[in-house]
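A.B. asks: Need a 3D model of the sequence below.
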Amino acid sequence: MQLLVVGAGEMGRWFARHSGADAVAFADRDPEVAREAADETADATTVPLDTDERFEVVCVAVPMTAVPDVISEYASKATEAVVDVSGEMRDSVAALSTHADGRERASFHPLFSASNAPGNLPVVVDSGGPTVDAIREALSAAGNRVFETTPEEHDRAMETVQAKAHTAVLAYALAAEEVDPRFQTNLSEPLDELVDRIAGNTPEVYAEIQERFEGGDSVAEAARALSEADRESFLDLYEEAGR
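C.D. replies: Residues are numbered from 1 along each chain as shown. Below is the predicted model:
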């Protein structure tokens, strides 16, 4: 399988390594990033963004907001399948359906960073076939739990596991004060570890998630309700949280 990866960042490189491709080409707006990706990937080269070459598979691995435009531009360079690993499904699948007609189409979302792979890997198969099946098998063979979903189910889940979760952890980080480590509890210490995990990543990624998925406001409302509750109201909210 000949694969073109548009976007030579962390997840584009991860997909190239585990997709089962026999030959990989990277294209990126930063040619040096593409060269670095090719250097660390077996049987890989680089091509310019305006390449006229065609490949069996095109994988779009760019920020969520750029996915529809990139799919529109590069879908015609695929002879068999177009896929993405962007992190959202509604706009990605719609763009695949519009611009990759006549080709196999799938949207994958690795729910992990490349350094923490393997992990859970939801996929929306908009138009299946042997090429997408082979990619799924290769990703499963790499230890990932690949499971099918719908754009609606996926994006609704992301409101909780990403937008709400990130809001809760970052809000704690903003509100917390530095304390002697000896005062840490079995709840506060894991929270600090979660803060470190988020703070060490790329902030633009989290900004895109907060912009794309609703949920942050509900976390703020819940925190306000807890902080303003009297004793009886707090007990009710505590019991509700346990359910």
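A.B. asks: ok, V70 touching V60?
C.D. replies: Yes. Under the criterion of CB atoms under 8 Å, V70 lies in contact with V60, with a separation of 5.0 Å. Quick note: C-beta positions are derived from backbone N, CA and C, even for glycine.
A.B. asks: On the three-state scheme, the spatially most central residue of the chain is what?
C.D. replies: Central residue check for the chain by CA atoms, centre = their mean: the C-alpha nearest the mean position is that of G87, 3.3 Å away. Secondary structure of G87, reduced to three states by DSSP: H, G, I helix; E, B strand; the rest coil: coil.
A.B. asks: Got the phi and psi for it?
C.D. replies: phi 110, psi -10 (degrees, to the nearest 10).
A.B. asks: That one against F112, yeah?
C.D. replies: No. Assessed by CB under 8 Å, G87 is found out of contact with F112, at 11.3 Å.
A.B. asks: buried residues in stretch 235-243?
C.D. replies: For stretch 235-243, burial by neighbour count (16 or more other CB atoms under 10 Å) applies to no residue.
A.B. asks: average model confidence for the helix or strand hosting S92?
C.D. replies: For S92, the element it lies in under DSSP states H and E is helix 90-99. The predicted model assigns helix 90-99 a mean pLDDT of 97.
A.B. asks: That helix: which residues count as buried?
C.D. replies: The neighbour-count criterion (16+ other CB under 10 Å) identifies D91, S92, V93, A94, A95, L96, H99 as the buried residues of helix 90-99.
A.B. asks: Does that helix pack against any helices or strands, and if so which?
C.D. replies: With contacts defined as 3 or more CB pairs under 8 Å, 6 or more residues apart in numbering; DSSP states H and E, the packing partners of helix 90-99 are helix 67-74, strand 78-84, strand 104-108, strand 120-127, helix 151-158.
A.B. asks: sorry, back to before: tabulate the buried residues of helix 90-99 in CSV, adding columns for distance to Y172.
C.D. replies: Shown next, in CSV, are the buried residues of helix 90-99 (distance: CB to CB, whole Å):
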residue, distance to Y172
D91, 30
S92, 31
V93, 34
A94, 35
A95, 36
L96, 37
H99, 41
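A.B. asks: Out of these, the closest to Q210 would be?
C.D. replies: D91 (16.0 Å; CB to CB).
A.B. asks: and the closest residue to the closest one other than its chain neighbours, how many neighbours?
C.D. replies: Excluding the flanking residues, the one nearest D91 by CB to CB, 6 or more residues apart in numbering is P68, at 5.4 Å. Each residue near P68 was counted by other CB atoms under 10 Å, and the total is 19.
A.B. asks: Equivalent analysis for S86, please.
C.D. replies: By the measure other CB under 10 Å, the count of residues near S86 is 27.
A.B. asks: thinking L49 is in contact with A27, fair?
C.D. replies: Yes. Judged on CB under 8 Å, L49 makes contact with A27 at a distance of 5.2 Å.
A.B. asks: Residues that sit against both of the two, list them.
C.D. replies: The overlap between the contact sets of L49 and A27 (CB atoms under 8 Å, 6 or more residues apart in numbering) consists of V6.
A.B. asks: Looking at those two, which has the bigger crowd around it?
C.D. replies: A count of neighbours by other CB under 10 Å puts A27 above the other of L49 and A27, at 24 against 13.
A.B. asks: That one pairs with what?
C.D. replies: For A27, the beta-bridge partners under DSSP bridges are V6.
A.B. asks: Surely it touches E53?
C.D. replies: No. A27 is not in contact with E53 according to CB under 8 Å; the separation is 9.7 Å.
A.B. asks: list residues touching both of those two?
C.D. replies: Contact criterion CB under 8 Å, 6+ apart; residues shared by A27 and E53: L4, V47.
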